[in-house]
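S.K.: Predicted coordinates and the sequence they were generated for:
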Amino acid sequence: MRKRPVVAVAPRCEQCSDKLWLRERCMKFLSGAGLEPVMILPPDTADDAAELLSIVSGVMLVGGGDIRPFRYGAEDAGIGRGISDARDWSELLLAHGAIKDGVPLLGICRGAQVIAVALGGGLKQSVPAHESGEHKIYLSPYSILRTGSFSAECRCCGSDGIYSSSVTDGSAFDEANNLSAADSSLISEKLNSSYAAEHGTALEDISAAAHAASAGFFTCDDCIPFFPPSGEGISVNSYHHQSISDPGDGAITAMAEDGVAEMIELPGHPFCLGVQWHPEIDPTDPLSHRIAELFAESVYRRQKEVLGI
């Protein structure tokens, strides 16, 4: 019988300084995907984090309070909620280590923001419209949730990158996003204009057929396009006070209708994904299932190929 790979889950601690805790649904989200979640003692040093990461097959960072603004080089506006300096420190140690060592890393809500900060990015200190309720999000055609894979070349500008997965079927998300020819045209327009603004030259128009054939390609920071609000999008829950304003070395691969970043990925990493919503609330949702499926695939691969278990 195949041994379930262990995933380290960083605990919450901001509501009580002497208590570490997690919501049951976070653990069940992983166990339901065939993984063995373990709540860990937060590391105090980079060496502690490295030792932990050497024996686990994946890491998950969950929701919670805000991140102290100085962690991402911003002036404190005095509107932070539930801040824990100890948690900021330990989770950034884990994120830095997982990114450096290629350990599969999944961030949920606050966890996505930790990933952004670890990648050298920044945050908006308050997004009131996203503190409760639902929002529709629009996935990039090149997100791993759609294609399941990235190749060694950006399909737009040809820059190098490596990100591969054996899962390549993104048809469920094509349908969920209701991507029409008009939507594809708007994507191309946004892609061309943003690239021209950055590089002084426009990209060639990318047709709907090119999008359909894009599995196996990744898109670099400079070229990443977004689904425009004309599509139906995918409804997700929304309970975050802060949001990602700058992905650093990562790439924003989903946005809400109001332009708030909803997902961050790191091309070139075995699996580094952060989402602003809470997929663990309904693990049977197709999008939630897709996240769990791809994370589990990368975790099992690490267990076999890296840890030799």
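M.R.: Nice, I can see it.

S.K.: any weak-confidence spans in the stretch 1-150 of the chain?
M.R.: Applying pLDDT under 70 to the stretch 1-150 of the chain flags the ranges 1-2, 14-17, 141-142, 146-150.

S.K.: in it, which spans are helices?
M.R.: 24-31, 46-53, 85-101, 110-118, 144-147 (DSSP state H, counting those that start in this stretch).

S.K.: and V275, which of the ones you listed is closest to it?
M.R.: Counting by CB to CB, V275 lies closest to helix 110-118 out of those; the figure is 5.6 Å. In short, each C-beta sits where N, CA and C put it, glycine included.

S.K.: And the closest one, what does it pack against?
M.R.: strand 58-61, helix 85-101, strand 105-108, strand 122-124, strand 243-246, strand 261-265, strand 272-275 (3 or more CB pairs under 8 Å, 6 or more residues apart in numbering; DSSP states H and E).

S.K.: Of the helices of the stretch 1-150 of the chain, which is nearest P270?
M.R.: helix 85-101 (9.7 Å).

S.K.: How is this structure divided into domains?
M.R.: Here the domain parsing of the chain from automatic domain parsing is 6-131+234-305, 139-212.

S.K.: Just the terminal-to-terminal distance for stretch 99-108.
M.R.: Stretch 99-108 has an end-to-end distance of 16 Å (criterion: CA to CA, to the nearest Å).

S.K.: Run through who's touching it.
M.R.: 26, 50, 53-54, 56-63, 95, 97-98, 113-115, 118-119, 264, 266, 269-275, 277-280, 291, 295, 298-299, 302, 306 (CB atoms under 8 Å, 6 or more residues apart in numbering).

S.K.: Flag every buried residue along it.
M.R.: I99, G102, V103, P104, L105, L106, G107, I108 (16 or more other CB atoms under 10 Å).

S.K.: Now do the contacts for I67.
M.R.: With CB under 8 Å, 6+ apart, I67 has these contacts: I83, D88, R110, Q113, V114, V117, L123, Q242.

S.K.: Need these in JSON lines (columns: neighbour count).
M.R.: JSON lines is the format used below for the contacts of I67 (neighbours: other CB atoms under 10 Å):
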{"residue": "I83", "neighbour count": "16"}
{"residue": "D88", "neighbour count": "20"}
{"residue": "R110", "neighbour count": "27"}
{"residue": "Q113", "neighbour count": "32"}
{"residue": "V114", "neighbour count": "27"}
{"residue": "V117", "neighbour count": "24"}
{"residue": "L123", "neighbour count": "23"}
{"residue": "Q242", "neighbour count": "25"}
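
S.K.: returning to what we had before: could you say which of the domains of the chain is packed most deeply?
M.R.: Burial of the domains of the chain is given as mean neighbour count (mean count of other CB atoms under 10 Å); domain 6-131+234-305 ranks first at a mean of 20.

S.K.: Now the terminal residues of that domain, how far apart.
M.R.: This stretch, domain 6-131+234-305, spans 14 Å end to end (CA to CA).

S.K.: show me what contacts L22?
M.R.: V9, P11, R12, M39, V62.

S.K.: With I83 as the reference, measure out to it.
M.R.: With the distance defined as CB to CB, to the nearest Å, L22 ends up 19 Å from I83.

S.K.: And S288, by the same measure?
M.R.: In terms of CB to CB, S288 sits 28 Å off from I83.

S.K.: Closest one of the contacts of L22 to E134?
M.R.: Ranked by distance to E134 (CB to CB), those are led by V62 at 19.8 Å.

S.K.: Now the closest one: phi and psi?
M.R.: Main-chain torsions, V62, degrees, to the nearest 10: phi -100, psi -180.

S.K.: for G32, same thing?
M.R.: Dihedral angles (degrees, to the nearest 10) for G32: phi -70, psi -20.

S.K.: was I right about it contacting P283?
M.R.: Yes: taking contacts as CB atoms under 8 Å, G32 lies within contact range of P283: 5.4 Å.

S.K.: Fine by me, thanks again.
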